[in-house]
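**Student:** Next come a sequence and a model predicted from it.
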Amino acid sequence: MAFALTSEREQQVDDILTRYPEHRASLLPVLWMCQRQNGWISPEVVDYVSQRLDLSTAIVRGVVTFYTMFFDQPVGENVIWVCRTLSCDLRGGKAIQDHLEGKLGCGAGHTSSDGKFTLLKAECLAACGQAPMVQINDYYYENLDVELLDQIIDAHAIRGAEAAAREFSTHATFGAPSKAPRSAPPPPPSAEAVRVASQPPPAPDSAGDES
Amino acid sequence: MSAAPTPLLTTRYGIAESWKLVNAERAGAYKVAKRALTSIEPAKLKEEVKKANIRGRGGAGFPAGVKWGFLNPGPGEQVYLVINADESEPGTFKDRSIMDLDPHRLVEGAIISCYAIGSHVAYIYVRGELVFSVERLEEAIAEARQAGYLGDRPFGIDHKIEIYVHSGAGAYICGEETALLNSLEGRRGEPRLKPPFPAVKGAFGMPTIVNNVETIAAVPDIIEMGGDAWSSLGRLPGDGGVRLYGVSGHVKNPGLFEAPVGITMRELIYDYAGGILGDRPLKAVIPGGSSTPVLDPRRLVNAPKEDQPLHAWHGQSEIDVPMGVDTYRALGTMLGTCCAIVMDDTVNMVEACRNLMRFYKHESCGQCTPCREGTGWLVDVLDNLCAGRGKPEDVDLLVEISNNMMGNTICAFADGTAMPMLGLVQKFREEFVEAARNGLPADVRHDDSVRSIVERVA
């Protein structure tokens, strides 16, 4: 079946086209909109985008396959990216992945049998100071332990992605969940953690070891 | 000469709803932009940024003021400012805090920078994962436009400025400036040959300045204080100001800290980040993102001659050298993004190395053969070592592959892979040799301190 963006999104495409001197530059934003609507970049989406932006399907496919976040296969209702690069692994990234594989009953790269979760390994998601962490759909969940992770996954399954993000996502607080769902005190938000060296610059000859 | 009695970059982080214009403005946002656009000549603004000695905060450490000086647009050429928010170097997590907690600082910096370099359009290229940061930025841009700080006549002057946010889609290589430009133009994120450099031929074939988020976010402070005063906040010559430091890995208090340029790694780990988890010994630290060669605290600076740049620290540990672009280069590593990955004595360096090389294998764009094949080979050899299938000559093979990657590709990605690889083998060779003989110990990297965090085992 042919794919088309909703009329509201079509208007957004018109607006996006004005942002760049070349229409090809709208390719990534338009692909993002299509994936938001369709869940993945199906062959029909590729056809639609190539016609809308007057590009060959080979060019569109070439871009889709280059970027990790464009799905050229269908995915589950929620997509979980587990960061497995060094900083997260040093703080238990592998334990987080193992726990998710057990809980969801599927390995990384696969979708749970109820279709609710696709589990993927991610390379560095740039939240190293709040490791270990996962990204679920559009949001980051940081400073994880398995208990908190269970609450987050259950919230997605039962109450839906938006409600889960409102309660547990750590973007707005940069590291600490907006509520404190755990019994243990949550880590301080980074606003407090950000400390500034207030002492004046030392003389050059003492700029070495001070501690 | 003034000290930094208060935070600069992070000064608004703690304010309630700091991302809203009304709150940011109450705390001083856009005052400098208004003054700059209405009463300061662009050439003077450029001059102050040059005097500030701000070394690019994205990792390469190129002086931003010098980069701006490369612009020489021909008649009819449009100048673009592109802000690199594709933060994805393993260990690095500073730029998101600016976008999430003080987006108006970035917008204000972009307005001043656009005016200074004669640009009418800025694109902020944000990594695709950061949907939330994109929303924050777009809200901030909309508010600034509403207030008349952006658009056809920002602050009433005749210099149109528009800022657009462009989302990536998951590719580390798009942090490389020419790959980023290709991605901005709707292409695969494959780096371009240089020259021409972006300042001559960048986005859409036009002269373009590509700067990191933190660099642009520092511009309002530089203009407010004056370049010289801002520069003198740093402790090192030719490397000015304050910057964001990150610490991740095995420390008690991982996170972000704002401090002057030139604190030592020992200060960062022990004074700022609270020391090593469980008070274990520090084994190694990757100083500024995974592409920067590892530091070994057991190693002492060897600079006996007075004309050597590190002579002042001769005989001291590597981690006691002040963190600066030039000092770290002299140390045989790089300052990078100033976000350190700290490893305690439970870490097996071969396993850590394999983790990082898997990252590079995954992220190599595949354009150049030495990089595409080399990263894969490194992982294959390291997999063999880790699985106990290694041979003694494999350690030298890792070195040989790395040497064949260095300098043989279009962009610096291959060097960024080979340098940390060589650094690890050079400084922890005995562990690689041991792994080649006997594989990895069974309990590697499953120490109790980490398990207690993740699995809540007391």
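**Tutor:** Okay, I see it. The structure displayed is predicted, hence computed values, not measured ones.
**Student:** Residue of the stretch 201-350 of chain B nearest chain A, please.
**Tutor:** Per CB to the nearest CB, B:S248 is where the stretch 201-350 of chain B lies closest to chain A, at 3.6 Å. For the C-beta atoms, the positions are set from N, CA and C on the backbone; glycine is no exception.
**Student:** That residue: neighbour count?
**Tutor:** Per other CB atoms under 10 Å in any protein chain shown, the neighbour tally for B:S248 reads 28.
**Student:** Check which helix or strand it maps to.
**Tutor:** strand B:242-249 (DSSP states H and E).
**Student:** ok, now B:D415?
**Tutor:** Element membership of B:D415, judged by DSSP H and E, is helix B:413-427.
**Student:** Which strands and helices lie in contact with the strand holding B:S248?
**Tutor:** Judged by 3 or more CB pairs under 8 Å, 6 or more residues apart in numbering or on different chains; DSSP states H and E, the packing partners of strand B:242-249 are helix A:86-90, helix B:213-225, strand B:255-260, strand B:339-344.
**Student:** and the next element down the chain from the shortest one?
**Tutor:** When you say that, I think you mean helix A:86-90. Along the chain past helix A:86-90, the next helix or strand (assigned with DSSP H and E) turns out to be helix A:93-104.
**Student:** So for that next one, mean pLDDT?
**Tutor:** The average of the pLDDT scores along helix A:93-104 is 94.
**Student:** what distance separates the next helix or strand after that helix from the centre of its chain?
**Tutor:** Going down the chain from helix A:93-104, the next helix or strand is strand A:110-111, by DSSP H and E. Mean-position distance between strand A:110-111 and its chain equals 17 Å (CA atoms, centre = their mean, to the nearest Å).
**Student:** who's in contact with the next helix or strand after strand A:110-111?
**Tutor:** Scanning forward in sequence from strand A:110-111 by DSSP H and E, the next helix or strand is strand A:117-122. Surrounding strand A:117-122, the residues in contact under the criterion CB atoms under 8 Å, 6 or more residues apart in numbering or on different chains are A:68, A:75-85, A:97, A:100-101, A:104, A:106-112, A:135, A:153, A:156-157.
**Student:** and the residue nearest to B:G226 when sequence neighbours are not counted, what element?
**Tutor:** Nearest non-adjacent residue to B:G226, counting by CB to CB, 6 or more residues apart in numbering or on different chains: B:E48, 6.2 Å away. Assigned by DSSP H and E, B:E48 falls within helix B:42-51.
**Student:** Just the buried residues of that helix, please?
**Tutor:** Neighbour counts over helix B:42-51 (16 or more other CB atoms under 10 Å in any protein chain shown) mark B:42, B:45-51 as buried.
**Student:** same deal with stretch A:16-23?
**Tutor:** Across stretch A:16-23, burial judged by 16+ other CB under 10 Å covers A:16-17, A:20, A:23.
**Student:** still on that earlier bit, so which of the buried residues of helix B:42-51 comes closest to A:G92?
**Tutor:** B:V49 (42.1 Å; CB to CB).
**Student:** contacting residues for the closest one?
**Tutor:** By CB under 8 Å, 6+ apart, the residues touching B:V49 are B:64-65, B:68, B:116, B:219, B:222-223, B:227.
**Student:** are any of those buried, and which?
**Tutor:** B:64-65, B:68, B:116, B:219, B:222-223, B:227.
**Student:** how does chain B divide into domains?
**Tutor:** B:21-231, B:242-344, B:349-437 (automatic domain parsing).
**Student:** Excluding chain neighbours, what is closest to B:Q78?
**Tutor:** Leaving aside its sequence neighbours, B:Q78 sits nearest to B:M206 (CB to CB, 6+ apart; 4.9 Å).
**Student:** give me every residue that touches the one you found.
**Tutor:** Residues in contact with B:M206 (CB under 8 Å, 6+ apart) are B:73, B:77-80.
**Student:** Inside strands: which ones of these?
**Tutor:** Among those, DSSP state E puts B:79-80 in strands.
**Student:** and of the contacts of B:M206, the nearest to chain A?
**Tutor:** Distance to chain A, by CB to the nearest CB, is smallest for B:Q78 among the contacts of B:M206, at 7.5 Å.
**Student:** That closest one: neighbour count?
**Tutor:** A count of nearby residues for B:Q78, using other CB under 10 Å, gives 16.
**Student:** pLDDT score for it?
**Tutor:** For B:Q78, pLDDT reads 97.
**Student:** Please name the nearest non-neighbouring residue to the residue sitting nearest the centre point of chain A.
**Tutor:** The centre of chain A sits closest to A:Q135, judged by CA atoms, centre = their mean, with a distance of 4.2 Å. For A:Q135, ignoring the flanking residues on the chain, the nearest one in space by CB to CB, 6+ apart is A:W81 at 4.3 Å.
**Student:** Let me know the next secondary structure element after the top helix by length along chain A.
**Tutor:** Looking across chain A with DSSP state H, the single longest helix is helix A:146-159. Later in the chain than helix A:146-159, the nearest helix or strand by DSSP H and E is helix A:161-168.
**Student:** State the helix or strand in which the nearest residue in space to B:N408 that is not next to it in sequence lies.
**Tutor:** Nearest residue to B:N408 in three dimensions, chain neighbours excluded: B:P370, at 4.4 Å (CB to CB, 6+ apart). B:P370 is located in helix B:369-386, with elements delineated by DSSP H and E.
**Student:** Much appreciated, bye for now.
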